[in-house]
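**Student:** mind folding the following:
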Amino acid sequence: MQFKKLIAVGLAALMSTTAIGHALAQPINENPLSDPRVRKAIAYAIDMDTIIETIFEGQAVRAIGMLPDGPNKPTDLIHYDYDPDKARALLAEAGWDSSRELDMVYYYTDQATADLMAALQAYLADVGIIVNYRLVEGDVASQISVVPDDPVNGPSKVTWDFLYGARAALALQEYFNRYAYGLKPMIPNIPRMNELVAKVNGTTDPEVQREGYFEMEHYINENVTQIPLYYQQLYTYESDRLHRNDAPYGNEQYNYNWGVENWTVDPDASGKAVMYTNAGPAQFFEVPWQNLGIWVANKFAFDTVLEADGSLTPIGGEMADTYEISEDGLTFTFTLKEGLTWHDGEPITAADVVWSIGAAAKFPVTHPVVQSTLKKIEGADAFIKGEAETLAGVTAEGNTVTVKFSTLDPNVLLSFSQFAPLPAKYFEGVDPVTLQQAPYWQKPIGSGPFKIDEVVMNDYTTLVPFEGYHKGTPKIEQIIARPSSDNDGNLLVNAQAQKADFGYTKAAGDVPGLEALDYMNVHPIDIPYTRMLWINQFPHPTN
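**Tutor:** Residues are numbered from 1 along each chain as shown. Below you'll find the predicted structure:
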């Protein structure tokens, strides 16, 4: 990518010379990024239209607002069209120090992301903002998601100034739930956003929710609390060797009834039915409450309490035999199927589920939608703060688990369709806050159709059928998963070597190469997925 040429294309565009009004806003602390004028300047400095045309080969849609296009998105949002002159004027008005160096981090390893980082660096340098970028690796969550002890004044507990990340929404509230008091690692508390988060989470009425979405979108848009960059499609790929046997397609980032136990694959030269895929672990398996269906273990080695279809609409029980929600929506009850066992042969008990719900409530990076549900359980606040030894609203009798909520949650069934319990006995003495550091995550014992067999970290993981699976023993004899994220830089290499039978990608650059292989099938899926630039507005400890 020739970034000088890319910048030149943007500079040649017609510049708006509209005067900028006086005193648009002021910084709220000593961090200059807390000044809305600086954040607006950043938005005006980036030519997303050119980036999409070049880096993403036209296979992305410029984002105007957080929510994807549709009935739940307002149509009168401000378009921060590329205007470097306006960006420079805003920076001058804000008294920007052009010698200040900012730290931009990202966690995707694909080439398009690396190209995007270089493009953003070049665009911002053109208006006088110096940015250095770096890839975060290892336990990414601890480097990007730790919230300040004081969610109003900080200081920040993360070291970066910009974070390039994404929001792949399980429910539309997910675009906004982390604006709730004390949940943002980069944005000081906003009282009105707290109220609106409570509004959309406190009703099942879509019209009331839509009102809240619209106001939150307007607030974020007008104050540039973060910068939405583009919307992205998801592409599922599968080789001719793989047969899903009428299993549905859906949003592969989450859990749904993909019926993998009924998939088949043509035998290899040795006569063995082996399926190759990606999304294996590089350093450790990840707690399944964080990124839900992204990783191979989450997909195939863990079962969830309930089940959703390909559109993520809850449709019935997975581990649960029966379930119900009370008329007032405040009590959720489910009974586990008889005879469920973990991969080590031990029974799955209601006590395992009760422990898992409590641990997930305390685990700091549980998926925001699931976390929002769990925090509304009776006694959750006291339990999370350590003021109570048990989570009062969760009880068990026999195989039946009862969950009582202090306030209504609109996503109870959706959250439990994504929630995979863990075997409590492997976590005795482990603080849920540090759950990811437990030895269990080197080779976890799960509950799903496949069990983890051989693990060679940063090389491969194999999974084999779990003969005790309650839906029947899977037909594929072995799954070989190579380590990767959901944007796999080695995807095309493996696909060309016929070592990629199933997976998904959100990297537009992968699609032409996959489609060029006569033995590969690609299925585009529209999903709510927004890539964005988060801006750290808390003062840093060293400031």
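**Student:** correct me if wrong: Trp441 contacts Phe284.
**Tutor:** Yes - using Cβ atoms under 8 Å, Trp441 is in contact with Phe284, at 4.5 Å. No exception for glycine: its C-beta is placed from N, CA and C like everyone else's.
**Student:** any low-confidence regions in the chain?
**Tutor:** Residue ranges of the chain with pLDDT under 70: 1-25, 486-487, 542-543.
**Student:** sec struct for Arg210, please.
**Tutor:** Put simply, Arg210 is helix when judged by DSSP: H, G, I helix; E, B strand; the rest coil.
**Student:** dump the residue contacts of it.
**Tutor:** Arg210 is in contact with 71-72, counting by Cβ atoms under 8 Å, 6 or more residues apart in numbering.
**Student:** that one and Asn72, how far apart?
**Tutor:** Distance of Arg210 to Asn72, computed by Cβ to Cβ, to the nearest Å: 6 Å.
**Student:** one more: Phe285?
**Tutor:** Applying Cβ to Cβ, the value for Phe285 to Asn72 is 35 Å.
**Student:** just Gln436 next, same as before
**Tutor:** 34 Å.
**Student:** what of Ser406?
**Tutor:** 27 Å.
**Student:** same check, this time on Trp355
**Tutor:** For Trp355, the distance to Asn72 equals 36 Å [Cβ to Cβ].
**Student:** more neighbours, those two?
**Tutor:** The residue with more neighbours, out of Trp355 and Asn72, is Trp355; 23 against 16, by other Cβ atoms under 10 Å.
**Student:** I'd assumed the more buried one was in a helix, is it?
**Tutor:** Yes - counting by three-state DSSP, Trp355 is part of a helix.
**Student:** who are the neighbours in contact with it?
**Tutor:** Residues in contact with Trp355, defined by Cβ under 8 Å, 6+ apart, are 422, 424, 427.
**Student:** those into JSON lines, with extra columns for distance to Val105, neighbour count and secondary structure?
**Tutor:** Shown next, in JSON lines, are these (distance: Cβ to Cβ, whole Å; neighbours: other Cβ atoms under 10 Å; DSSP: H, G, I helix; E, B strand; the rest coil):
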{"residue": "Leu422", "distance to Val105": "30", "neighbour count": "25", "secondary structure": "coil"}
{"residue": "Ala424", "distance to Val105": "35", "neighbour count": "17", "secondary structure": "helix"}
{"residue": "Phe427", "distance to Val105": "30", "neighbour count": "17", "secondary structure": "helix"}
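**Student:** doesn't Gly358 belong to a strand?
**Tutor:** No - secondary structure assignment (three-state DSSP) places Gly358 in helix, not in a strand.
**Student:** how near is Asn132 to Phe416?
**Tutor:** From Asn132 to Phe416 the distance is 43 Å (Cβ to Cβ).
**Student:** contacts for stretch 483-497?
**Tutor:** By Cβ under 8 Å, 6+ apart, the list of residues contacting stretch 483-497 from outside reads 107-113, 237, 239, 253, 276, 278-282, 294, 457-461, 482, 500, 503-507, 510, 513-514, 517, 520.
**Student:** in helices, which of these appear?
**Tutor:** Those of those mapping onto helices are 111-113, 510, 513-514, per DSSP state H.
**Student:** got the end-to-end distance for stretch 397-414?
**Tutor:** Length of stretch 397-414, first residue to last, Cα to Cα, to the nearest Å: 24 Å.
**Student:** give the buried residues for that stretch.
**Tutor:** 399-405, 409-414 (16 or more other Cβ atoms under 10 Å).
**Student:** so Ala119: helix, strand or coil?
**Tutor:** What three-state DSSP gives for Ala119 is helix.
**Student:** isn't it right next to Ile51, touching?
**Tutor:** Yes - with contact defined as Cβ under 8 Å, Ala119 reaches Ile51; the gap is 5.6 Å.
**Student:** ok, and the closest non-adjacent residue to Glu101?
**Tutor:** Nearest residue to Glu101, sequence neighbours excluded (Cβ to Cβ, 6 or more residues apart in numbering): Ile130, at 4.8 Å.
**Student:** and for that neighbour, the neighbour number?
**Tutor:** Neighbours of Ile130 under the rule other Cβ under 10 Å: 13.
**Student:** go on, the one 3 residues further on?
**Tutor:** Residues near Tyr133, counting by other Cβ under 10 Å, number 19.
**Student:** which SSE is it in?
**Tutor:** strand 130-135 (DSSP states H and E).
**Student:** name the helices or strands packed onto that strand?
**Tutor:** strand 101-106, helix 111-126 (3 or more Cβ pairs under 8 Å, 6 or more residues apart in numbering; DSSP states H and E).
**Student:** the longest one packs against which elements?
**Tutor:** Where contact means 3+ Cβ pairs under 8 Å, 6+ apart, helix 111-126 is packed against helix 3-11, helix 36-45, strand 101-106, strand 130-135, strand 162-168.
**Student:** next, format the ones you listed as CSV and append distance to Pro185.
**Tutor:** Below are the helices and strands packed on helix 111-126 laid out as CSV (distance: least, Cβ to Cβ, whole Å):
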stretch, distance to Pro185
helix 3-11, 30
helix 36-45, 17
strand 101-106, 12
strand 130-135, 17
strand 162-168, 9
